[in-house]
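> Next comes the sequence, and after it the predicted model I'd like to discuss.
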Amino acid sequence: MTTIKLNNGHEMPIIGLGVWRMDKKDIKDLIFSSIKLGYRHFDCAADYQNEAEVGEALEEAFQSGLVKRDDLFITTKLWNSDHGHVLEACKDSLKKLRLDYLDLYLVHFPVATKHTGVGTTGSALDADGVLEIDTTISLETTWHAMEELVSMGLVRSIGISNYDIFLTRDCLAYSKIKPAVNQIETHPYFQRESLVKFCQKHSIVVTAHTPLGGAAANHEWFGTVSCLDDPVLKGLAEKYKRTVAQVVLRWGIQRNTIVIPKTSKIERLKENVQVFDFELEKEDIELIKSIDRKYRTNQPAVFWGVDLYA
Ligand SMILES: NC(=O)c1ccc[n+]([C@@H]2O[C@H](COP(=O)([O-])OP(=O)(O)OC[C@H]3O[C@@H](n4cnc5c(N)ncnc54)[C@H](OP(=O)(O)O)[C@@H]3O)[C@@H](O)[C@H]2O)c1
């Protein structure tokens with residue numbers, strides 16, 4: 001698996017398996033199958049409520065000799081309601097994942113919300129159905145607590161997620177340890193070239209979450225349109241004799257972003273890593289630029305009654 005070097009020297013595999021919305025009962029099978037197919041990177045989060053199942057699968061994979069801990073890159077994320085409890089939240093994730101260190105710990109969203117108990121990943125709403133934002137904890141305070149985790153050896157790299165240019169700029173200004181990664185939604189319908197370039201210019205690796213545009217999952221949850229149905233991308237898939245998903249993931253890799261597609265289908269696990277034996281030509285990269293819709297497909301505002309991106 002090709003890797004990208006982070007600003008602290010650690011290597012991060014360019015493709016990872018996202019585990020959001022993965023059924024708990026399928027996780028062991030998917031993790032074992034993906035490791036056999038060459039996946040070495042798993043993107044988790046406390047909020048996905050399946051760290052325990054991922055941990056069980058990982059432990060079995062290590063014990064059976066399928067793979068060694070050092071060969072894997074495990075990311076998980078601090079939930080919004082735990083910004084005031086970073087150490088406890090990290091330890092809770094480590095316990096559930098059955099690991100003694102994380103490769104990468106991310107601040108999941110740039111917002112602290114009312115604490116609901118470590119690891120509960122609540123999103124408390126007020127009487128009007130609006131997210132209870134905690135105005136007493138700054139992102140700087142959260143970040144310094146993240147930095148402590150590195151000093152303690154619990155985490156190798158720390159990063160941010162869903163931060164725009166301004167928030168990323170601020171993080172660069174107040175950090176003693178620079179963020180290694182910014183994980184953001186980006187795919188052909190939401191290319192965010194300025195943010196991607198800004199991060200890369202400042203040695204922050206961009207991980208593309210929702211790299212396939214969320215496909216059927218985000219249509220169901222957020223009523224969005226999928227780039228996998230785009231006629232231009234379908235044309236390129238025909239040209240390269242690949243699937244649309246492979247063209248989209250290859251495009252992500254060629255712009256030096258890490259991609260973390262989720263699938264619960266074994267045959268798609270294979271399809272989604274078979275992207276290293278072809279290259280999109282420059283003119284096709286240009287063509288894909290032209291289909292950007294500046295279209296966010298993941299809209300947590302649906303649940304939180306407040307649009308954090310507005
Ligand atoms: N930091 C954040 O706030 C944040 C937000 C969202 C996501 N993420 C991370 O990013 C990961 C990926 O995001 P996502 O799951 O929302 O979206 P995604 O990976 O863009 O798309 C997943 C959807 O695409 C389908 N799919 C997968 N491979 C396919 C293929 N080859 N052809 C056609 N359809 C395919 C999946 O269906 P099947 O499962 O049925 O194959 C699923 O419906 C998550 O698992 C999570 O780790 C992070």
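That came through, no problem.

> any chance you could map the helices in this structure?
Applying DSSP state H to the chain gives helices spanning 27-37, 51-63, 86-97, 139-151, 165-174, 193-201, 215-222, 231-240, 244-254, 266-273, 282-289, 301-304.

> of all these, which lies closest to Trp20?
Closest of these to Trp20 is helix 215-222, at 8.6 Å (criterion: CB to CB). Backbone N, C-alpha and C define where each C-beta goes, glycine included.

> Show me what counts as buried in that closest one.
215, 217-218, 221-222 (16 or more other CB atoms under 10 Å).

> Was I right to think Leu139 contacts Ala173?
No - contact criterion CB atoms under 8 Å: Leu139 and Ala173 do not qualify, at 11.2 Å.

> These two: who's more crowded?
Shown here are Leu139 and Ala173; by other CB atoms under 10 Å, Leu139 has more neighbours (18 against 8).

> mind listing what the nearest residue to the more buried one once chain neighbours are set aside touches?
Distance criterion CB to CB, 6 or more residues apart in numbering; nearest residue to Leu139, sequence neighbours excluded, is Pro110 at 5.7 Å. Applying CB atoms under 8 Å, 6 or more residues apart in numbering, we find Pro110 in contact with 139, 160, 162-163, 167, 308.

> what's the farthest-apart pair in the residues you listed?
Most distant of the contacts of Pro110, by CB to CB, are Ile160 and Leu308, 13.8 Å apart.

> More neighbours: which of those two?
Set Ile160 next to Leu308 and count neighbours by other CB under 10 Å: Ile160 wins out with 27 against 16.

> contacting residues around the more buried one?
Taking CB under 8 Å, 6+ apart, we find Ile160 in contact with 106-107, 110, 167-168, 171, 179, 181-183.

> Might you enumerate the residues of the stretch 201-310 of the chain proximal to the ligand?
Within the stretch 201-310 of the chain, the positions near the ligand by CB under 6 Å from any ligand atom are 209-217, 228, 243, 245, 260-265, 268, 271-272, 298.

> Check these for burial and list the buried ones.
Among these, the ones that count as buried (16+ other CB under 10 Å) are 209-215, 217, 228, 243, 245, 260-263, 271-272, 298.

> Can you tell me how far the closest residue to Lys178 other than its chain neighbours is from Asn182?
Spatial nearest neighbour of Lys178, excluding adjacent residues (CB to CB, 6+ apart): Asn7 at 5.8 Å. Going from Asn7 to Asn182 by CB to CB, to the nearest Å gives 12 Å.

> and what of Leu233?
Taking CB to CB, one finds Leu233 at 25 Å from Asn182.

> more neighbours, the two?
Asn182 (27 against 24).

> residues near Tyr163, how many?
For Tyr163, the neighbour count with other CB under 10 Å is 24.

> surely it meets Asn182?
Yes - checked against CB under 8 Å, the pair Tyr163 and Asn182 is within contact range at 5.6 Å.

> where do the contact lists of these two overlap?
Contacts common to Tyr163 and Asn182, judged by CB under 8 Å, 6+ apart, are absent.

> what sits against the residue of the stretch 51-200 of the chain found nearest the ligand?
Nearest residue of the stretch 51-200 of the chain to the ligand: Ser161, at 4.1 Å (CB to the nearest ligand atom). Taking CB under 8 Å, 6+ apart, we find Ser161 in contact with 77, 106-109, 182-184, 209.

> So what sits opposite it in the bridge?
Under the criterion DSSP bridges, Ser161 forms beta bridges with Gln183.

> Look up how far Lys91 lies from Val118.
Applying CB to CB to Val118 and Lys91 gives a distance of 8 Å.

> which one of those two has more residues nearby?
Taking other CB under 10 Å, Val118 and Lys91 do not tie; Val118 has more neighbours (20 against 16).
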